[in-house]
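The following block contains a protein sequence and its predicted model.
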Amino acid sequence: MEQLYLLWQSSGLSQMEPGQAFMILVGMVLLYLAINKNFEPLLLVPIGFGGILANIPGAGLAYSALENAVLAADPEVLKDISYSVQITSWESLKDLLHGIHQSSPGLQAAATAAAVEAGYSNGMLYNFYSVSIATGIAPLVIFMGVGAMTDFGPLLANPKTLFLGAAAQFGIFATVLGAVGLTAMGLMNFSIQDAAAIGIIGGADGPTAIYVASMLSPDLLGAIAVAAYSYMALVPMIQPPIMRLLTTENERKIKMVQLRTVSRVEKIIFPLMLLILVGMLLPDAAPLLGMFCFGNLMKECGVVDRLSDTTQNSLINITTIFLGLSVGSKLVADKFLDTNTLGILALGVVAFAIGTACGVIMAKLMNLMSKNKINPLIGSAGVSAVPMAARVSNRVGLKADPNNFLLMHAMGPNVAGVIGSAVAAGVMISLVG
Amino acid sequence: MEQLYLLWQSSGLSQMEPGQAFMILVGMVLLYLAINKNFEPLLLVPIGFGGILANIPGAGLAYSALENAVLAADPEVLKDISYSVQITSWESLKDLLHGIHQSSPGLQAAATAAAVEAGYSNGMLYNFYSVSIATGIAPLVIFMGVGAMTDFGPLLANPKTLFLGAAAQFGIFATVLGAVGLTAMGLMNFSIQDAAAIGIIGGADGPTAIYVASMLSPDLLGAIAVAAYSYMALVPMIQPPIMRLLTTENERKIKMVQLRTVSRVEKIIFPLMLLILVGMLLPDAAPLLGMFCFGNLMKECGVVDRLSDTTQNSLINITTIFLGLSVGSKLVADKFLDTNTLGILALGVVAFAIGTACGVIMAKLMNLMSKNKINPLIGSAGVSAVPMAARVSNRVGLKADPNNFLLMHAMGPNVAGVIGSAVAAGVMISLVG
Amino acid sequence: MEQLYLLWQSSGLSQMEPGQAFMILVGMVLLYLAINKNFEPLLLVPIGFGGILANIPGAGLAYSALENAVLAADPEVLKDISYSVQITSWESLKDLLHGIHQSSPGLQAAATAAAVEAGYSNGMLYNFYSVSIATGIAPLVIFMGVGAMTDFGPLLANPKTLFLGAAAQFGIFATVLGAVGLTAMGLMNFSIQDAAAIGIIGGADGPTAIYVASMLSPDLLGAIAVAAYSYMALVPMIQPPIMRLLTTENERKIKMVQLRTVSRVEKIIFPLMLLILVGMLLPDAAPLLGMFCFGNLMKECGVVDRLSDTTQNSLINITTIFLGLSVGSKLVADKFLDTNTLGILALGVVAFAIGTACGVIMAKLMNLMSKNKINPLIGSAGVSAVPMAARVSNRVGLKADPNNFLLMHAMGPNVAGVIGSAVAAGVMISLVG
Amino acid sequence: MLESEIVTQGVSLMQFGMGTVFLFLALLVLMTKLMSLLVARFEPKPAELSSSAVVSTGTPLAGQPVEDPEVLAVIAAAIQAHRNR
Amino acid sequence: MLESEIVTQGVSLMQFGMGTVFLFLALLVLMTKLMSLLVARFEPKPAELSSSAVVSTGTPLAGQPVEDPEVLAVIAAAIQAHRNR
Amino acid sequence: MLESEIVTQGVSLMQFGMGTVFLFLALLVLMTKLMSLLVARFEPKPAELSSSAVVSTGTPLAGQPVEDPEVLAVIAAAIQAHRNR
Ligand code: NA
Ligand code: NA
Ligand code: NA
């Protein structure tokens, strides 16, 4: 009987905290949405699963060796660690951890050495996060793969749709304002870095959001990534009412001029031109847009198809698996369960809505000044969420006129939105990073 | 002539020790078995080749910068290093190395810095090992791939075959007893950690064995991995005599009830249920079984086929190459050539034999209590060694009755054995890790 | 307006130095040659693109955190850093950086910590370089892939063609002499390490050149890699005039004996034999030739086709992408723009020419001593540049006699050249590394 | 002393280990049976459901950037072949 | 005080950010149009050129070990088999 | 002085380097010939052996989780198509 009691003591069930149980449920819900409702499954399956793993009580998979040592609360080890970081008293383990994270890198290294010597080690997901996200590599590689899958043809055929992609980024900055507003009102507690990272949800672009969040506000990364991917999956529900509200039946029936064919030379020059422009104007966006352009150049140049194929397949798949699990590590209860998370979720949907509205309104404004009319429904595709948002434009357009195919027209603002949010990311990293 | 003499001096041939020559032969034998006898070639080709590389005299491919510096025996450098670790005298270089490995991490870091400054660097295989095995990542990724290749259908159709997978794990623990027994008798010199790592050979599961050995007994990893993969290849020779000895002709002819079809929903829920159970009861098995369940979920959920395909192909292949070469680095003569290795090889085959016997006996016991008879030949598949052991069950069954196909029935205990040995691994890491 | 002025100030355009603009142009030229002239596009597309990224003003993608901190020239941070490395005065930032690189590893680590604490981080390309090239892993993995794509059949059928591969390596060592000669004359300023790394361009083998340059002369790596790949692409222009100059019409018409078929056993044993020979005679070439032989063994043994396929496809492709971008990081203006680079480019073409000539002359010498005549045109294939040089031999031969197909005969010296330059690399690492 | 200690450790590792393995797998048997029962009850026609589920996820998956053109080409060829039968 | 400061920061981030995004994309529109014009002028028959360019790079690419032949063979076999059914 | 020293180093590097390269490859020629002789002697019918060796490893390879079924299906379809032609 005593053996069984010991077994029970060391089991996860006895150590489980309510927050962990709740987060395991959240992970299950994400998996349900991904598998049964097809919510961005490529990301939400690994994120949901990673979230469950991160909250297994006693396993410490999402924690560093130092965090695991502190949370294990062995008095001898705590003494060594607190001595290393020169903290003499603390109210709770969480308080001690907070103190440790505030101390200088040198002291933290000493404390980590003490933890390792006591036999504690980094959790698996913590290692995944350190390698794939903390270095920035995983989102950049995925962005390269996205570049290698992107066709700039529709954009090149109708460059002014870039303005739609610009307008839709207003969702990002309006959300930043919202976040600082909530903080000013005392409802939430976001720094300007947090606000910028939350705003990027409105960019509707997964790797950009994760990249920015990892640089500006790593603690909020889990909530931001989950919000970004969830709302991207919800685009077919969020956008149509807004699109209908802001357009008349006649506007929705506008037929656009057939797109011209774009030559291979233009497609090769475009990513290089974009790269140079980024390099000259906004160096902080260079990693993101550089890798994006590199992927696109590999696809378009036609002489490195081997590399382009691998970038679009095994490389992006491998990276997605580890990126997803790493994001899941930020769904650990004590980082995720916070009123701030609710604020992020609420702000995220506002960001999508405002971005959609601004894209549509911009299209209407452009129609006032140009004789080649744009169907304002393609404005909403400017939020990115490639290719979902472009399909939504097409579907809403077909309801107004069953013979009006907007898909290719909407791909222009759709990829413009990717560029736009990467530019916005560069601005924010440059200003508050 | 003097030039030629110098050339000879600096060559590997003049520096070769007998142990290295012997280990190169061992590597060649492993390659021969892998290529000509088809002994688990996917692992034994890289392991054998890595073993040869590790024993090239003068190249130091399996050593760290510090070890390479000490073994080079330049008096100036030795002075610096021994000063760093505060060792003033030593009998042999091996003695000095032993002293260095005993000193505190801080002192070792200082000694490493001295070695690097003197121009020594980590060997290639040492780097591979550090990244792929010391972090635990490679066995975990391979386990994810194995999960993505596993079909739990037969197990779900007949869940009680899980007990066969449980019984066969007795081979693991009997071997632990054997190892401590040999030590108690003074024949060998194993710690309890070593004994646990040796026992896991009986789990007949490569990545589990490597994972456990890397955590509990890294120095024995080479011998343990070689034993595990070799005996898995020898399963068609080890198991049949034991199976025939323990069963009657009539038992071998038992026809089992046709397996019911299993729904997709069950297959999706099973890995999640298993994950939760592991999380609640045995957090130390969570990395292994978590990755296994993740791979399986990716396969079964049907919405991330891109990721599942990459997991089963390029990702597992890349990881296998580096895992194999890294295991080979532990075949370096001064770590592998030891009477302990002989003990490990002897204990390993005993572990397989006992596991096989226990699986068969368990099946017979279950037949005493149930009216749905189990053919005891499928009990031996409980050792895992997927899918070899299940095929052996089938083959032995066909000899008794040419119309009795046991393969699908044996797949249940076969994958149950994988779960069983991962659970056993968790227990051992939890108790002696 | 003030906002706009600030925007301009922080932009790359205002920070651009002439050298960076020039190097961006160089990157564009490399891309043009790769895409439009098919100059080794698999490498030169990533290298060219990486070169552009590395020279984006203000982005610092090719610099370490410490270099970025120094180049940002914030007085407070400079004070901290210079204090860490105990440098009290400096003439220019470049001078300070030079001083930092001269100081001991411990002081540099302290300075890096100061830079990181001030918010600076490693550039993306710097990280790629650290992981892929500084560790040696990327060239080794590519060499493994090359091994898995190499067929030693023609070499095994006619082993004496190995001598052609040996003779062509004279291009390497003649270039070393040239580099030290230029230095002795005061025209250039190369160390013996630099000279050795430059010589290896004559090996006409990309991964070998990058591997050697990363170990002996990392600062020249960019120029060496660009020269090696460019001249490999120019082989069809460099070689034919030399080949025609050194051979008579009759020699070019020599028909060679049909190659015998080579058994599978020979093809399996050959890489192992080569490995043992390297291990015994030249341990410093063991990493390069070891990985090469491993790749070849995986291909020939026939039992690990999964691994061989992955090695030849996704693994080599992924590695090529990051290797290329990393090489591009060495095209940063302040490392690349140097009179030394001009010297390297000039020496490189001489290396190719001498190698070609020696291969042809060796073939003629061998014909004096043997009755089985060799067509001297296959001698030029001994420089490696697989399979370009062998095709050139074939093409020149066809011009002399439209029915004389030399391709398979030339593959022997062609792969022999790969072995030869790896051996030369080992010698140079061993003697001056 | 020391020898007997390691034997004690080994025996206790065996007891505890085999105990956990059996307990764990027994629990898994129970839960698996329970799960299969529940699935069978709440999903009246499992076979049909599983196929319909595959179909329902099929459409969105087509949106994934898999090698669509090739797949489409194959499908097109197949359809064409079918018509010409 | 502090609250109003963060609001100020947010507002300035919005102004500066949206300004840069618009400026950047406007420049991109200009440059893209210019580029397309130049390409159209200096490459008289873009459609033809693009196809010929593909052909010209086709030959060297054939040397790459992509699985084209296999894919083609599979499709061919599948269609053939289907027709003959 | 310094200049002549580096020249000396270069010359010695050349001598030593070319020497090693030739020696190494000469040894390799010898060993390769020897190996081929031995293989030819101990494996009387190399062509046959090589094919039989391929067959003998063929069966166990089927145990590898490669996409065998697909490959088999392709081959089957191809053969079928061939027969029906
Ligand atoms: Na966007
Ligand atoms: Na097992
Ligand atoms: Na060469």
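Received, thanks. Ligands and ions are numbered 1, 2, ... in the order given.

okay, CA-based contacts and neighbour counts for the rest of this
OK.

A:Gly58 and A:Leu66: what is the separation?
Going from A:Gly58 to A:Leu66 by Cα to Cα, to the nearest Å gives 14 Å.

what does D:Thr8 give?
33 Å.

Which one's more surrounded, those two?
More crowded of D:Thr8 and A:Leu66, by other Cα atoms under 10 Å in any protein chain shown: A:Leu66, with 24 against 14.

Secondary structure element holding the more buried one?
Using DSSP states H and E, A:Leu66 sits in helix A:65-72.

Give the buried residues for that helix.
For helix A:65-72, burial by neighbour count (16 or more other Cα atoms under 10 Å in any protein chain shown) applies to A:Ala65, A:Leu66, A:Glu67, A:Asn68, A:Ala69, A:Val70, A:Leu71.

same check, this time on stretch A:121-130
So stretch A:121-130, judged by 16+ other Cα under 10 Å, has buried residues A:Ser121, A:Asn122, A:Gly123, A:Met124, A:Leu125, A:Tyr126, A:Asn127, A:Phe128, A:Tyr129.

And chain C, is it touching that?
No. Using Cα under 8 Å from any Cα of the partner chain, stretch A:121-130 stays clear of chain C, coming no nearer than 13.6 Å.

I would like the residues contacting that stretch, please.
Residues outside stretch A:121-130 that contact it (Cα atoms under 8 Å, 6 or more residues apart in numbering or on different chains) are A:50, A:54, A:59-66, A:68, A:115, A:322-323, A:325-327, A:329, B:137, B:287.

got the end-to-end distance for it?
Start-to-end, stretch A:121-130 (Cα to Cα) is 14 Å.

model confidence over it, on average?
In this model, stretch A:121-130 has an average pLDDT of 95.

residues in chain A within reach of ligand 3, list them.
Within chain A, no position is adjacent to ligand 3 by Cα under 5 Å from the ion.

Could you list the low-confidence segments of the chain?
Let's take chain A. Per-residue confidence for chain A (pLDDT under 70) gives these ranges: A:1-10.

that's the wrong chain, I meant chain D
D:1-3, D:44-85.

which one's the longest helix in it?
For chain D, the helix with the greatest residue count under DSSP state H is helix D:2-42.

is that one anywhere near chain B?
Yes. Using Cα under 8 Å from any Cα, helix D:2-42 comes into contact with chain B via D:3-4, D:6-7, D:9-11, D:13-14, D:16-18, D:20-22, D:24-26, D:28-29, D:31-33, D:35-36, D:39.

Just the buried subset of those, please.
D:6-7, D:9-11, D:13-14, D:16-18, D:20-22, D:24-26, D:28-29, D:31-33, D:35-36, D:39.

Of those residues, which are in range of chain A?
D:Phe16.

Would you mind giving both backbone torsions of A:Ser217?
Here is the backbone geometry of A:Ser217 (degrees, to the nearest 10): phi -160, psi 70.

make that A:Ala168, sorry
Given degrees, to the nearest 10, the pair of backbone angles that A:Ala168 has is phi -60, psi -20.

List the contacts of it.
A:Ile354, A:Gly355, A:Thr356, A:Ala357, A:Cys358, A:Gly359, A:Gly379, A:Ser380, A:Gly382, A:Val383, A:Gly417.

ok, the fourth one touching A:Pro240?
Right, the one you point to is A:Ala357. No. Between A:Ala357 and A:Pro240 there is no contact under Cα atoms under 8 Å: 10.3 Å.

Can you show me the helices along the stretch 151-300 of chain A?
Taking DSSP state H, counting those that start in this stretch as the test, the helices found in the stretch 151-300 of chain A are A:153-157, A:162-167, A:170-184, A:192-199, A:206-216, A:221-246, A:249-252, A:264-281, A:286-301.

Quick one: check the second one for contact with ligand 1.
Put plainly, it is helix A:162-167. No. Helix A:162-167 stays clear of ligand 1 (Cα under 5 Å from the ion), getting no nearer than 7.0 Å.

So is that helix next to chain E?
Yes. Applying Cα under 8 Å from any Cα, one finds helix A:162-167 touching chain E at A:Leu162, A:Phe163, A:Ala166, A:Ala167.

which of those has the most neighbours?
That'd be A:Ala166 among the residues of helix A:162-167 next to chain E, by other Cα under 10 Å, with 33 neighbours.
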